[in-house]
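Kindly return the folded structure for what I paste below:
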Amino acid sequence: MASDIFSFLSDTLAFSIVLVVKGGQGKMSKSLLRTDKEIAEIYKRHSKTVYRVCFAYMKNPADTEDAVQDTFFQLIKSGPAFESEEHEKAWLIRTATNICKNVLRHWWRRHENIEDFYNLPSSENIETDDIFQVVMELPEKYKTVVYLYYYEGYTSVEIAGILKKPQSTIRNYLHEARAILKERLGDDFDEEQ
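Sure, this is the predicted structure:
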């Protein structure tokens with residue numbers, strides 16, 4: 001997966017990308033702010049995180065790879081300026097989440113049974129344990145928050161910023177999700193993990 005996307009990015013970025021912006025006194029060109037090398041570095045830093053976020057939503061490798069590719073394409077296309085690597089990572093997570101939600105909302109997705117695709121062979125082996133499986137079975141509003149908090153190490157304040165929700169809502173989601181996890185996992189649940 002990584003080599004396919006990297007070769008796609010390399011082929012895409014082999015030429016200079018220029019956007020033509022229409023407005024006011026005619027046309028003005030604005031080149032995107034990132035070089036091939038910068039895109040490749042961002043990809044290397046965050047591709048695994050973006051893949052895990054997309055896999056949490058899509059539940060199968062093929063759709064996950066498509067969502068990852070779309071996420072990095074959005075990065076190339078929109079060329080946002082980032083304040084730090086954390087801001088960069090947060091933007092990629094938010095973009096990946098939105099892309100996955102949009103795909104899942106599409107009418108044809110409602111006719112597919114995800115369970116039919118669960119055991120297909122994958123080019124990327126994702127190691128999951130029983131706890132991760134239970135987390136992925138949580139209701140949608142809890143799943144992303146729990147994943148970002150426990151698996152990616154974000155604080156509730158950072159998650160609120162990423163998901164654009166009030167901090168109290170995120171803390172409430174975590175509290176409610178912990179109660180569900182404690183009920184489902186029993187002695188296997190450790191809130192300090």
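
For the rest of this, base every contact and every neighbour count on C-alpha atoms.
OK.

Let me see the mean pLDDT of stretch 102-119.
For stretch 102-119, mean pLDDT is 61.

can you tell me which residues contact residue 131?
Residue 131 is in contact with residue 185, counting by CA atoms under 8 Å, 6 or more residues apart in numbering.

next SSE after the helix or strand containing it?
Residue 131 belongs to helix 130-136 when assigned by DSSP states H and E. Next along the chain after helix 130-136, taking DSSP H and E as the criterion, comes helix 140-146.

Who are the packing partners of that following helix?
helix 130-136, helix 167-185 (3 or more CA pairs under 8 Å, 6 or more residues apart in numbering; DSSP states H and E).

ok so, going back, send over the helix holding residue 131 as PDB, restricted to the C-alpha atoms.
Output in PDB follows, covering the C-alpha atoms of helix 130-136 (Å, rounded to 0.1, in the frame of the first residue of the first chain):
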ATOM      1  CA  ASP A 130      -9.600  -8.200  21.600                       C
ATOM      2  CA  ILE A 131      -9.800  -4.800  23.200                       C
ATOM      3  CA  PHE A 132      -9.300  -3.000  19.900                       C
ATOM      4  CA  GLN A 133     -12.100  -5.000  18.400                       C
ATOM      5  CA  VAL A 134     -14.400  -4.000  21.200                       C
ATOM      6  CA  VAL A 135     -13.400  -0.300  20.700                       C
ATOM      7  CA  MET A 136     -14.200  -0.600  17.000                       C
END
